[in-house]
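Participant: Requesting a structural model of the entry that follows:
(one chain, ligands or ions: 2)
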Amino acid sequence: MSKAAKTVLVVGGAGYIGAHICKALAARGDRPVVFDNLSSGHRHAVKWGPLVEGDVRSRADLDSAFSQYAPDAVMHFAAFIEVGIGEQRPLDFWDNNVGGVITLLQAMKCAGNDKLVFSSTCATYGEPERLPLTEAEPQTPVSVYGRTKLAVEQMLRDVSRGEGLRYAALRYFNAAGASPDGEIGEEHDPETHLIPNALRAAAGLGGRMKLFGEDYDTPDGTCIRDYVHVMDLADAHLAALDRLFEVEGGLACNLGTGNGFSVREILDAVETVTGQRVPHDVHPRRPGDAERLLADTTLAREVLGFAPQRSDPQTIIADAWRFHAPRWGV
Ligand SMILES: NC(=O)c1ccc[n+]([C@@H]2O[C@H](COP(=O)([O-])OP(=O)(O)OC[C@H]3O[C@@H](n4cnc5c(N)ncnc54)[C@H](O)[C@@H]3O)[C@@H](O)[C@H]2O)c1
Ligand SMILES: O=c1ccn([C@@H]2O[C@H](COP(=O)(O)OP(=O)(O)O[C@H]3O[C@H](CO)[C@H](O)[C@H](O)[C@H]3O)[C@@H](O)[C@H]2O)c(=O)[nH]1
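Facilitator: Ligands and ions are numbered 1, 2, ... in the order given. Modelled structure (predicted):
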C-alpha cells in the first residue's frame, strides 16, 4: 500500500458524498482539491482544501485545475442524481453524467493522469433477478439515471483496456447518514431520499412524509433497501484509491452491507432515535422503485477490506439527526 500523501482532484466534492470523502482524505493526510460547479453542492462543505469552481464538461476548466494542482488521482462524484428528473430531462443527464466523464477522461489523458474512482450505483442493475446482487448480475437499468451510470462503466472498461486507465467503479447502494461529529451531512434540495425526509417530518417540518407503496411483496408491503453509512463509503474510497496505485486495470464493486430494511422499519428507527412520531401518508408506488435491493458484499470485503462500522440504521439515523436537528432548530 502506498503511504505517500496524495493530491486528489475531487470532482463534485462540494456535494453530499464527495464532501465526506474529502474529510476522510484530509484526516489521513491526503490533500483533496475540490472541483465543483456548485450546481447542487455547497461552498460551506468545502473545508479540507481548495475549491476550484468549474464545470466537468469544460476542458478549459479541467485543464487549468490539472495544471495548477497536478493531482495524483481523480475521484468523480459530479452527476445529476434525481431519478425522476432524469426521465423528464434525459439529454441533460446524458450530457452531465456521460459527457462530463468523456471530457474528464480526455483532460486526465492530456495531463498524464491514469487513476480514477467513479461513483456508480446499484441502479445499474435495474429490477434484480437474484438477491443478494453480485457484481456479475446482469445490468439492465430501468431509469435514464441508471443507464447513464452503466454507460460510464462501459466506457471506463474500454478506456482501461485500450489506454491503460486504472479505475474503480463503486456501485453504492443507499448512501445515508452524516459525519458523526455533525460537521457535514446530506443537504440535497429538493431532497428525495427516505431518511432525511423522515427526519424532516419527525422534526415537524415539511408536512407529512409520503410513503411510496405499501403493496409490495415484502413482509410489511414496503420496499427493502441496503443502507450504507457515508463514512463507511469513505473508508471504501480510500481503499479503492490506494489500490489504483498498486493494481492495473479496472474494478467494479458493490458498496452495501447485505442487510435489508423496509421503509416501515426505517420509519420505526427514526421514531426511536428522535423520540418523535413520523407523520406520513401512504401514496402509490413511485415509478422506477425496485421492490428489494441488497448487495452481495464478498468482493468489497475481499478487494477493499470493506467492513462497515456505522451502517446499522440506528447509527445512520442518529448521525443524520445530529447533523440536521440543530440546523432545523430542534
Ligand atoms: N446519494 C446516494 O445514495 C447515491 C447512490 C448511488 C450513487 N450515487 C452517486 O454518487 C455521486 C454523489 O452523489 P451525492 O448524493 O453526493 O450528490 P450531490 O448532488 O450532493 O453531489 C454532486 C456534486 O456534483 C456537483 N456537480 C454536478 N454537476 C457538475 C458539473 N457539471 N461540474 C462540476 N460539478 C458538478 C454538484 O454541484 C455537487 O456538489 C453521484 O454521482 C451519484 O450518482 C449517490
Ligand atoms: O420520501 C420518500 C422517499 C423515499 N421513499 C421510499 O424509500 C425507499 C428508498 O428511497 P430513496 O429515494 O431513499 O432511495 P432509492 O433506493 O430510490 O435511491 C437510491 O437508488 C437510486 C437509483 O434507484 C439512486 O442511485 C439514489 O441516489 C439512491 O439513493 C424507496 O422505497 C422509496 O419509495 C418514500 O417512501 N418516501
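Participant: For the closest residue to Leu294 other than its chain neighbours, which residues are in contact?
Facilitator: Nearest non-adjacent residue to Leu294, counting by Cβ to Cβ, 6 or more residues apart in numbering: Pro132, 4.3 Å away. Where C-beta positions appear, they are placed from N, C-alpha and C, glycine not excepted. By Cβ atoms under 8 Å, 6 or more residues apart in numbering, the contact list for Pro132 reads Gly258, Leu294, Ala295, Asp296, Thr297.
Participant: separation between Pro132 and Leu299?
Facilitator: Pro132 sits 11 Å away from Leu299, going by Cβ to Cβ, to the nearest Å.
Participant: Now for the two: what residues contact both?
Facilitator: In contact with both Pro132 and Leu299: no residue, using Cβ under 8 Å, 6+ apart.
Participant: re earlier: most neighbours, which of the contacts of Pro132?
Facilitator: Neighbour counts for the contacts of Pro132 peak at Ala295, which has 28 neighbours (criterion: other Cβ atoms under 10 Å).
Participant: okay, now the closest residue in space to that residue that isn't next to it in sequence: neighbour count?
Facilitator: Once flanking residues are discounted, Ala295 sits nearest to Gly256: 2.8 Å by Cβ to Cβ, 6+ apart. Residues lying near Gly256 (other Cβ under 10 Å) number 29.
Participant: So Gly256 is in contact with Leu170, correct?
Facilitator: No: in this structure Gly256 lies outside contact range of Leu170 using Cβ atoms under 8 Å: 10.6 Å.
Participant: Run through the residues of this structure sitting next to ligand 1.
Facilitator: Proximity of the chain to ligand 1 is confined to 12, 14-18, 36-41, 55-57, 77-79, 81, 96, 100, 119, 121, 172, 174-175, 188 under the rule Cβ under 6 Å from any ligand atom.
Participant: same for ligand 2: which of those residues are within range?
Facilitator: Okay, of the residues of the chain next to ligand 1 touching ligand 2 (Cβ under 6 Å from any ligand atom), that's Ile81, Thr121, Asn174.
Participant: and the second one, what does it touch?
Facilitator: Same thing as Thr121. Counting by Cβ under 8 Å, 6+ apart, Thr121 has contacts Tyr145, Gly146, Lys149, Arg171, Tyr172.
Participant: can you rerun that using 6 Å?
Facilitator: Neighbouring residues of Thr121 by Cβ atoms under 6 Å, 6 or more residues apart in numbering: Lys149, Arg171, Tyr172.
Participant: mind checking the SS state of the nearest residue to the second one once chain neighbours are set aside?
Facilitator: Nearest non-adjacent residue to Arg171, counting by Cβ to Cβ, 6+ apart: Ser120, 4.5 Å away. Taken by DSSP: H, G, I helix; E, B strand; the rest coil, the conformation at Ser120 corresponds to strand.
Participant: okay but Ser120 is in contact with Tyr172, surely?
Facilitator: No: counting by Cβ atoms under 6 Å, Tyr172 is not a contact partner of Ser120; they are 7.4 Å apart.
Participant: Could you check which of those two is surrounded by more residues?
Facilitator: Shown here are Ser120 and Tyr172; by other Cβ under 10 Å, Ser120 has more neighbours (23 against 20).
Participant: close to ligand 2, is stretch 256-274?
Facilitator: Yes: using Cβ under 6 Å from any ligand atom, a contact is recorded between stretch 256-274 and ligand 2, made by Val263.
Participant: Tell me the residues of the stretch 1-150 of the chain that contact ligand 2?
Facilitator: Contact residues (Cβ under 6 Å from any ligand atom) of the stretch 1-150 of the chain with ligand 2: Ile81, Val83, Thr121, Ala123.
Participant: do that again at 8 Å, thanks
Facilitator: Counting by Cβ under 8 Å from any ligand atom, the residues of the stretch 1-150 of the chain close to ligand 2 are Ile81, Glu82, Val83, Thr121, Cys122, Ala123, Ser143, Tyr145, Gly146, Lys149.
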